[in-house]
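> Quick one, fold the following:
(2 chains)
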Amino acid sequence: MKRWLSLLLVLVMILALASCGDKKAGKDVEPTDSAQTAPKTSGPDAGDEGPEQQEPENKELVVGISTDPVSWEPWGAFNNGRKHLMHLVYQTLTAEIPDLVNGTTIRYYVLASGYEQIDDRTYEVYVREGIYDTAGNPFTAKDAVFSYSTAKAQGTLAQLNAIESLEVVDDYTFRMTTSRTLAVGDFEDILTGFNMVTQASYESSPDGMVTTPVGTTGYVLIDYVAGSHAVFEKADSYWNNAANESRSIEDGYCSTWDCTKLDKIRYEIITDPTTMTIALESGDIDISANVSSNDLQLFQDGGKLADKFDVFAHPENMYGISFNASKSSPTNNYNLRMALAHCVDPQGVLDATFDGSGIVLKAWAYPTFMDYQNKWDDQPYFEYDLDLAKEYLQKFYDETGTTADTLKLRLLTQSGPTTGKIAEAVQAYIVTLVDNPTCVEILSFDRGTYNSMWMDENAFDILLIYGQTANRTYCTYAWNSYANAAKLQHKNDVWHSGDEKVQELLNAAISVKTHSDETVSDFQQYINDQAYIKNLMCGDVYVVGKSWIGGLEDCIGPKDCLAIMALDYDWSKSDK
Amino acid sequence: MAQYVLKRILMIIPVVFLVAITIFTIMYFCPGDPAEIILGVGAAAEDIEALREQMGLNDPFLVQLGNYLYRTFIKFDFGTSYANSVPIIDELSHRFSKTFVLAISAIIIEVIVGIPLGMVSATHRGGWIDQLCMILALIGISVPSFWIGLQLLLIFSLKLSWLPPYGVTTWQGWILPIFVNSLRGIAQMARQARSSMLEVIRSDYVTTARAKGLPERTILFRYALPNALIPLVQTAGQSFGTSLGGTVIIENVFSIPGVGQYMVNAIVTRDYAVIRSAVVVLAIVFSLVMLLVDIAFGFIDPRIKAQYEGRNRKYKWRKKLRRVAANA
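Numbering: from 1, shown residues only, chains lettered A, B, ... in the order given. Next comes the predicted model:
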């Protein structure tokens, strides 16, 4: 009996060790550099090693993504799967690419050739000539008006609700009138964030293109199994073949996203991050932006697979802590807010959650936003100072009679691995400040509940607030989303402050007429002075690709998707 | 027997109906607004209100419940997903087939492997075979399925390159998910089979059979196993329910587009229509499986059969007596 048992245990041990062996090797890798402001690549230069090989017949690139688009309708509700795939089918009138190196956003025309503001509420948009979709139908101003009208009737795209009327002026010009004067960036959002179709193709689709999408890009969807895979093939003809010849945006209408360098692209939907790593390692997929941060060291410099893969990192999504300034919360007290803002070290949170990879933020804004003020980078911004934080906390105790034992704070966060880690790090800093291990309770909820709860002033004290950086061009976008009392359902700002000065300064900053460096600075300065919010950092997200895929730094296309059709592929070095 | 089956079928109706009402009520009172999720953070209050109106979310609770029950049970229309306008029935039928294959294959393996393992264990009670079987069963129950799934992926997909690491587009893709999904069930079935068999083989009639010199194989398969099967059928039925509802993790690890994944995504996006439909469909399927289990009881356990047939005989006899008395 003992012999059998030992044999069994030995077998189990061998299997466990065999499967864990790679990970152990990966752990010896040195950590990556901490805080960085520019994107970086690692791994060897593609194509430096190995004998000359013939190009394979199968030039299909396999991309691993974690979310299913579910529907191919052009104007459906947003999800991450749609974010990654819709650009392969549909194009927009204009597009924007965050320029991570120069810290700005590049805006360019795709289906439009220009636009003009006629008066406060009227715009004329000029559609490029010679565009046709993959079914061969020409795209004109009439189709653009049809797309906007149909989508507006569906009611699922909030930005379109500002459109009052649309009118075709001629074949390549249409006029849009809005029901109100738009905030800065809102009109650009209407042009950029909206997929275009031709009326003929849409009306010939039996299901509103839910399963049979037809767009103006250079690709057609040839196979899709929900939750499993989607396969695209290069269209027989494409109106913008010139895009492959030059990627210079100055040329007019060429961008990474308009290229068609790949004949066939296969997207595999792999929901589990560990399975994604296994699929990359086994060669089943070639590139992915959904690799778990725990597995990245395998692919980075010094990692076991670094010679086969390149890694590109870029910061995404802002995370900050916002305080409930209503009377129902202890954070109504200015001194407590200052204490909490000074006790959290953003670099420490970045280290704890993203291994230090990302950027520390100095304002409620992201450096590539067009109205970002460079002076913010040099100004003090709730610097981490535990002694100062303790002074503010003592003032709070003195004013309110609260003690360390009676101070209870609720930290509201969206559930998820990243937000969970950030919340825990923030909790640890506050516990250190207050010296009471039970003073912070983390309330973690799914997105729907979280969004309802932050509008309830009785539900939280500290909010882990997060803001998108991709496809956002102005600081005012996040400000308008979270602080505009006139817009929000609870008729207050995210801080429940009821502060009229906030609304006054916000209106000046978001209005097209008054938007300027001064008004933007004034708003940022005021919320800093009141200590309503402390923005913490942007953590890096990664793209991991085989080393025969060149130009990963050009990978981030509009809306932060993988612009794989624009990269350089050395198929002779591929393992296909 | 027909009366027994009919009674069980009729019982499904209120169960499914109650499940539908319960899930509707829970989702109605859950915090989180689908219109707000669809339009995103920062959408204007009037836009959210307009979308709520369009989706019928502003109607009173009872009106919404009535509409839902009418559409689901009278018109057999599950509607379309709030999030992506795809008809729910299309998505469910496409995904349910995969979840069903996963669950039913797991049950078959559980029965084929688990019962013999339990029998062997019981017949060698206290010996090394028994102990080995029970250690394996303990491992099967205690090791989390996502962990064992990932370890098997590392071995069979990465190291040996025998099986694909994700998806079920080929038959090889099914092997690991089905095996992993059945592991816990095999262990439970083996433990249950062992204890049932132990109870039965200690019975007087088994001792009598042995005393009469019947071969051990005959005693086991002809006399002991049929009696030990009753609790095992129950276990298999419950296990199927667990497999059906609990494939979320397996589907996630092996990237299988099943109902579990669909439901989890729907919960996150507050896609009420999808959640309600998926729960009702799962409730119907589970009720049907439990019906099959109950019918199987009728065939396996003569006492249940006799109970209903006896009741029928008693009823007929009473009716006859009444008729005779009336004639007299």
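
> who touches the single nearest residue of the stretch 201-350 of chain A relative to chain B in this structure?
Chain B sits closest to A:G227 of the stretch 201-350 of chain A, with a gap of 2.2 Å, by CB to the nearest CB. (Each C-beta comes from the backbone N, C-alpha and C, glycine too.) Residues counted as contacts of A:G227 (CB atoms under 8 Å, 6 or more residues apart in numbering or on different chains) are A:68, A:269, B:95, B:255-258, B:261-262.

> which SS state does it fall under?
Using DSSP: H, G, I helix; E, B strand; the rest coil as the criterion, the local structure at A:G227 reads coil.

> low-scoring stretches of the stretch 201-328 of chain B, by residue?
B:245-246, B:308-317 (pLDDT under 70).

> As a check, name the ranges of all helices in it.
Ranges of helices within the stretch 201-328 of chain B are B:204-211, B:216-218, B:225-245, B:248-253, B:259-268, B:272-300, B:302-327, based on DSSP state H, counting those that start in this stretch.

> Now do the fifth one: everything it contacts.
It refers to helix B:259-268. By CB under 8 Å, 6+ apart, helix B:259-268 touches A:68, A:70, A:227, A:271, A:446-448, B:81, B:83, B:91-92, B:95-96, B:98-99, B:244-252, B:271, B:274-275, B:278-279, B:281-282.

> switch the cut-off to 7 Å
Contacts with helix B:259-268, where a contact means CB atoms under 7 Å, 6 or more residues apart in numbering or on different chains, come from A:227, A:271, A:446-447, B:91-92, B:95-96, B:99, B:247-248, B:251-252, B:274-275, B:278.

> quick one: which of the contacts of A:G227 is nearest B:F24?
Nearest to B:F24 among the contacts of A:G227 is B:Y262, at 18.3 Å by CB to CB.

> how many neighbours does that closest one have?
B:Y262: 29 surrounding residues under other CB atoms under 10 Å in any protein chain shown.

> With B:S157 instead?
Look at B:S157: counted by other CB under 10 Å, it has 24 neighbours.

> Wasn't it part of a helix?
Yes: residue state for B:S157 (three-state DSSP) corresponds to a helix.

> For it, list the residues it contacts.
By CB under 7 Å, 6+ apart, the neighbours of B:S157 are A:278, A:282, B:163-165.

> So which of those is the closest to A:M370?
Distances from A:M370 to those, taken by CB to CB, are shortest for A:I278, at 41.1 Å.

> Pull the number of nearby residues for the spatially closest residue to the closest one that is not a sequence neighbour.
In space, and not counting its chain neighbours, A:I278 is closest to B:P165: 4.7 Å by CB to CB, 6 or more residues apart in numbering or on different chains. By other CB under 10 Å, the residues close to B:P165 number 30.

> which residues sit in contact with B:P165?
Shown in contact with B:P165 (CB under 7 Å, 6+ apart): A:275, A:278-279, A:282, A:284, B:153, B:157.

> do stretch A:358-376 and chain B meet?
No: Stretch A:358-376 stays clear of chain B (CB under 7 Å from any CB of the partner chain), getting no nearer than 13.9 Å.

> Straight-line length of that stretch, end to end?
Start-to-end span of stretch A:358-376 (CA to CA, to the nearest Å) is 18 Å.

> quick one: what helix or strand has the spatially closest residue to A:Y532 that is not a sequence neighbour in it?
Of all residues not flanking A:Y532 in the chain, A:W495 sits nearest, at 4.6 Å (CB to CB, 6+ apart). In the assignment (DSSP states H and E), A:W495 maps to no helix and no strand.

> Tell me if I'm right that A:W495 and A:K534 touch.
No: A:W495 is beyond contact range of A:K534, at 12.0 Å (criterion: CB atoms under 7 Å).

> Looking at those two, which one has more neighbours?
Between A:W495 and A:K534, counting by other CB under 10 Å, A:W495 is the more crowded of the two (27 against 24).

> I'd like to know how many residues surround the residue of the stretch 151-300 of chain B found nearest chain A.
Taking CB to the nearest CB, chain A has its nearest neighbour within the stretch 151-300 of chain B at B:P257, 2.2 Å off. Close neighbours of B:P257, defined as other CB under 10 Å, add up to 24.

> From what I see, it and A:H229 are in contact.
No: B:P257 is not in contact with A:H229 according to CB under 7 Å; the separation is 9.4 Å.

> closest to B:R217 among the contacts of B:P165?
Nearest to B:R217 among those is B:L153, at 40.4 Å by CB to CB.

> Quick check: phi and psi at the nearest residue to A:T140 once chain neighbours are set aside.
Ranked by CB to CB, 6+ apart and with sequence neighbours excluded, the top spatial neighbour of A:T140 is A:D171, at 5.0 Å. The phi and psi values for A:D171, taken as degrees, to the nearest 10, are phi -60, psi -30.

> Need the pLDDT of A:D171.
Looking at A:D171, its pLDDT is 95.

> That one reaches A:P138, doesn't it?
No: applying CB under 7 Å, one finds A:D171 not in contact with A:P138, separated by 9.1 Å.

> Which one's more surrounded, these two?
Neighbour count, other CB under 10 Å: between A:D171 and A:P138, A:P138 has more, with 16 against 12.

> That one contacts A:Y132, correct?
Yes: taking contacts as CB under 7 Å, A:P138 lies within contact range of A:Y132: 5.0 Å.

> The stretch 201-350 of chain A against chain B: which residues are in contact?
Within reach of chain B by CB under 7 Å from any CB, the stretch 201-350 of chain A has these residues: A:210, A:226-228, A:268-272, A:274-275, A:278-279, A:281-282, A:284.

> Quick check: the two most widely separated of those residues?
A:V210 and A:E281 (35.2 Å).

> for the stretch of helix or strand B:P116 belongs to, the distance to its chain's centre please.
Per DSSP H and E: B:P116 is located in helix B:115-123. Helix B:115-123 sits 24 Å away from the centroid of its parent chain (CA atoms, centre = their mean, to the nearest Å).

> That helix: what's the following helix or strand?
Per DSSP H and E, the first helix or strand lying C-terminal to helix B:115-123 is helix B:128-142.

> rewinding a little: buried among the contacts of A:G227? Make that a ChimeraX selection.
A single ChimeraX command selects the buried members of the contacts of A:G227 (16 or more other CB atoms under 10 Å in any protein chain shown):
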select /A:68,269 /B:95,255,256,257,258,261,262
